[in-house]
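J.: any chance you could fold what I've pasted below:
(one chain, ligands or ions: 1)
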Amino acid sequence: MPLILRVNKVPQTLVDQLALSNSVIELVDLQPPDEQTIDIVLASGESIVDDELISRLPNLKLIAVFGVGYDGVDIHAARQRGIFVTNTPDILTADVADLAIALMLNVARRINAAQQYIERGGWHEGSFPPAFKVSGARLGIVGFGRIGRAVAQRAQGFAMKINYYARSDHQSQDATYYPSLVSLAENSDVLIICASGGKESRHLINREVLAALGAEGIVINVARGSVIDEAALVEAIDTESIGGAGLDVFADEPNVPQALLNRDNVVVTPHIGSATHATRAAMAKLVLDNISAYQSGSPLLTPIY
Ligand code: 8YV
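T.: Next comes the predicted model:
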């Protein structure tokens, strides 16, 4: 039976399906004899498949990523050795964009804080304080790929003024391009991070950008924890130099800095951007289809190169 190495947690249903015609082993159980035969690595969006791991697997032919982001995969090393990499684009775009909007509304309107207010009996003492208006506010989108554009489309429903920062001008009819992240932040009430992870985007949102966002500004991250300098974000929240944050991703998951917890103006979720039943099933199917295509010698469905 072909041997597949699983590098992170992926849905058990996917592992069960694969196990019908393959042996699936976990990274912790990887022994030198298996290293020689493994030709497929199954990874998730957060997995690290670095040069060291790739070098241990001389027969590796395919890295199948259960996720759209593949920033943990050393693409250069894979490519040099002729290893294919597939991901699961498009099918999770809507869910991630939905979550970005949900976090924005939650932080701005203090939905979690308002629920906690009721739960601890606060309503009997007086009204919950007013929060921040989203409709008509200025939205800055960082990264204008599939997810960034889906966020823009949704934000139009809230009559937001939409601006974006990206590597190049997408000539959008509905959103204005800002080549400078600092000036985008200066002109935003809400900044939503949708850029892919990786070396190029590491700490794109730094102290200067957060300062430019200002004391009422809200930052939302549904991309990768690495895109924000988390220490700078914690400091900005601590010193109230930004207005709030909605975070689905973190620098060192599953660790979330204590300083971001139990605050009225910070909403945190455990990397659930693509986590709906329908989308996770579609992602699992696409991973299976890519693996079957590779095993039957057919063209891969969603190769990244
Ligand atoms: C994860 C993601 O892959 O698509 C991505 O890039 O980060 C997520 O969809 C998913 O949480 C599985 O770990």
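J.: how about the residues of the stretch 151-300 of the chain near the ligand?
T.: Proximity of the stretch 151-300 of the chain to the ligand, by Cβ under 6 Å from any ligand atom, involves residues His271, Gly273, Ser274. (Glycine included, C-beta is placed from N, CA and C.)
J.: make it 8 Å
T.: Gly197, Arg224, Val249, His271, Ile272, Gly273, Ser274, Ala275, Met283 (Cβ under 8 Å from any ligand atom).
J.: which of those residues ranks first by neighbour count?
T.: Met283 (27 neighbours; other Cβ atoms under 10 Å).
J.: for the protein, which segments count as strands?
T.: Counting by DSSP state E, the chain has strands at residues 3-6, 23-26, 40-44, 62-66, 84-86, 138-142, 161-165, 176-177, 190-193, 218-221, 244-247, 266-268.
J.: quick one: those strands as TSV, columns for mean pLDDT and mean neighbour count too.
T.: As requested, the strands of the chain are exported to TSV (pLDDT from 0 to 100; neighbours: other Cβ atoms under 10 Å):
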stretch	mean pLDDT	mean neighbour count
strand 3-6	96	21
strand 23-26	96	15
strand 40-44	97	24
strand 62-66	98	26
strand 84-86	98	22
strand 138-142	98	26
strand 161-165	98	22
strand 176-177	98	14
strand 190-193	98	28
strand 218-221	99	28
strand 244-247	99	26
strand 266-268	98	21
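J.: chain center to stretch 172-180, what's the gap?
T.: Offset of stretch 172-180 from its chain centre (Cα atoms, centre = their mean, to the nearest Å): 22 Å.
J.: span of that stretch from start to end?
T.: 17 Å (Cα to Cα, to the nearest Å).
J.: flag every buried residue along that stretch.
T.: Ser172, Ala175, Tyr178 (16 or more other Cβ atoms under 10 Å).
J.: which ones are touching the first one?
T.: By Cβ atoms under 8 Å, 6 or more residues apart in numbering, Ser172 lies in contact with Phe144, Arg149, Ala152, Tyr164.
J.: gap between it and Asp71?
T.: Using Cβ to Cβ, to the nearest Å, we find Ser172 at a distance of 25 Å from Asp71.
J.: what do you get for Pro130?
T.: Applying Cβ to Cβ, the value for Pro130 to Asp71 is 39 Å.
J.: those two: who's more crowded?
T.: Asp71 (23 against 8).
J.: in helices, which of the buried residues of stretch 172-180 fall?
T.: Counting by DSSP state H, no part of those is found in helices.
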